[in-house]
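>>> Have a look at this prediction, sequence included:
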Amino acid sequence: MRNILAVFLVTLLSYSTVQSLKTVSPPQGFVGQHNGQFQLNGKPFNFVGANSYWLPLLTSTADVDSTFKQMQSQGVKVLRTWGFNAINGSELVGAQQSGLTYYQVWNSAEWVLNEGPQGLQRLDYVVNTAGKYGIKLIIAFTNNWVGYGGMELYINWIAGAGNTHDVFYTNPQIIASYQRYVTTIVNRYKNSPNVFAWEMMNEARCLGDLSAGPNCVPGTELLTKWYNETSNFIRSLDPFHMITTGGEGHFYWKNKNVGFWFDGVFNSDYNFNGQAGEDFDTELTLPNVDFGTYHLYPQTWYPQLDFPGSNFTVQDWGLLWIQLHADAAKKANKPLILEEFGLTGLQNKTEIYPQWVNLALKTNHAIFAWQFGALGLDEDGGNRPIKYADALINGASPNDGYAIYQNQTVVWNIFA
């Protein structure tokens, strides 16, 4: 009951301070937004950004500096990275032996924070070093997916087995635990101009590695309510840094039957029918969501349509997706970031990326390719397994098929 009351009171506090805090100008060096435009020290701030979830996983500060230097050479001004890395207690010995970065250890319904040299001190170094290279950070608080200790650790340890993925958004004890972690990270860095924005979650959906439940279906607006309450809570902690969702940009077009035909059957389109739980148009109107984010992976979203001879084209669908989000952001008068996008195949990248990037720039929003690739990393001789399939190989940062390295000159130059 105490946790429930605490969450309720903080939510009330955040609602009461929304209007007054929004009138406060950010300090020197902090990025804000006004009238649909990012601003830094009162001037428009336009940029190309990058993704590197793995940067705080590096064990060598020299490799962190090397990565930032390579980003600087490409002209990167904003970097998105994970502010979470959590493990089960059963993984602790292996993590310590392998050098894995971890911030939370779960052995019960109460996680334990690791502020040591293998924990938040590594994130400290990333945050404190970014400004040296003229780079600011978007920091995500947790993951929709299991990777590196996402939201389902909260579900498994607090709510217990048998619960659906979306219980994360409604269980008072889970919300209080998540907010405790958010408070830890925000209070640690809220005075730093090296932080660009806080991100509530990477790719929040009704479902994850666990299935969705009946409380998170089109029309419930469960995720929208969670975004609103969470952004208000973060704003109560930090009046200056921007806040965003980290969502993939799914729409909920409740009065439109959007879909596609496949094998003679009409399929309602997950990106538009609200089934993911997001409602991009409504989320942009929330008072403490300062800008919109969306992601773009048509190869994996529409595998049944992407085949030789099909009238579906990855390039054209991507252009449509970019334009729809640009239109929504313009209507809401808020800035927009194409926060993740990726294609496999070098020819696809060289032919299609310029088309997507040009439209994004034409419609005045920022771009973050997934993902930045660094070369010449030295730790463990340049070869080190990290976790899952992630590894440093011959000095190269992890590559899931989307990484962009400097020696891929044609692709690299698209973003330079």
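Happy to help now that I have it.
>>> Where do the strands of the stretch 201-350 of the chain begin and end?
In the stretch 201-350 of the chain, the strands defined using DSSP state E, counting those that start in this stretch lie at 242-244, 259-262, 265-268, 292-296, 336-341.
>>> any chance of those in a markdown table, plus distance to Leu361, mean neighbour count and mean pLDDT?
Heads up, the C-betas are built off the backbone N, CA and C, glycines and all. Below are these laid out as a markdown table (distance: least, Cβ to Cβ, whole Å; neighbours: other Cβ atoms under 10 Å; pLDDT from 0 to 100):
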| stretch | distance to Leu361 | mean neighbour count | mean pLDDT |
| --- | --- | --- | --- |
| strand 242-244 | 20 | 24 | 98 |
| strand 259-262 | 29 | 12 | 88 |
| strand 265-268 | 32 | 11 | 91 |
| strand 292-296 | 15 | 25 | 98 |
| strand 336-341 | 10 | 26 | 98 |
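>>> Turn those into CSV, columns for distance to Glu221.
Formatted as CSV, these follow (distance: least, Cβ to Cβ, whole Å):
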stretch, distance to Glu221
strand 242-244, 18
strand 259-262, 21
strand 265-268, 18
strand 292-296, 17
strand 336-341, 21
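>>> List the backbone torsions phi and psi for the closest residue to Lys136 other than its chain neighbours.
Distances taken as Cβ to Cβ, 6 or more residues apart in numbering place Phe196 nearest to Lys136, at 3.8 Å, with adjacent residues excluded. Phi and psi for Phe196, reported as degrees, to the nearest 10, are phi -80, psi -50.
>>> same deal with Leu40?
Per degrees, to the nearest 10, the backbone of Leu40 is at phi -130, psi 120.
>>> so what's it up against?
29-32 (Cβ atoms under 8 Å, 6 or more residues apart in numbering).
>>> try it again with 6 Å
Val31 (Cβ atoms under 6 Å, 6 or more residues apart in numbering).
>>> So for Phe141, which of the strands of the stretch 201-350 of the chain sits nearest?
strand 242-244 (10.5 Å; Cβ to Cβ).
>>> Run through the neighbouring helices and strands of that closest one.
When contacts are defined as 3 or more Cβ pairs under 6 Å, 6 or more residues apart in numbering; DSSP states H and E, strand 242-244 sits against strand 195-199.
>>> Pull the residues that contact the strand it packs on.
31, 78, 136-138, 140, 189, 234, 241-244, 246.
>>> Neighbours of Thr59, how many?
A total of 18 residues lie near Thr59 under the criterion other Cβ atoms under 10 Å.
>>> what do you get for the one 10 residues further on?
As a burial measure, the neighbour count of Lys69 was computed by other Cβ under 10 Å and equals 13.
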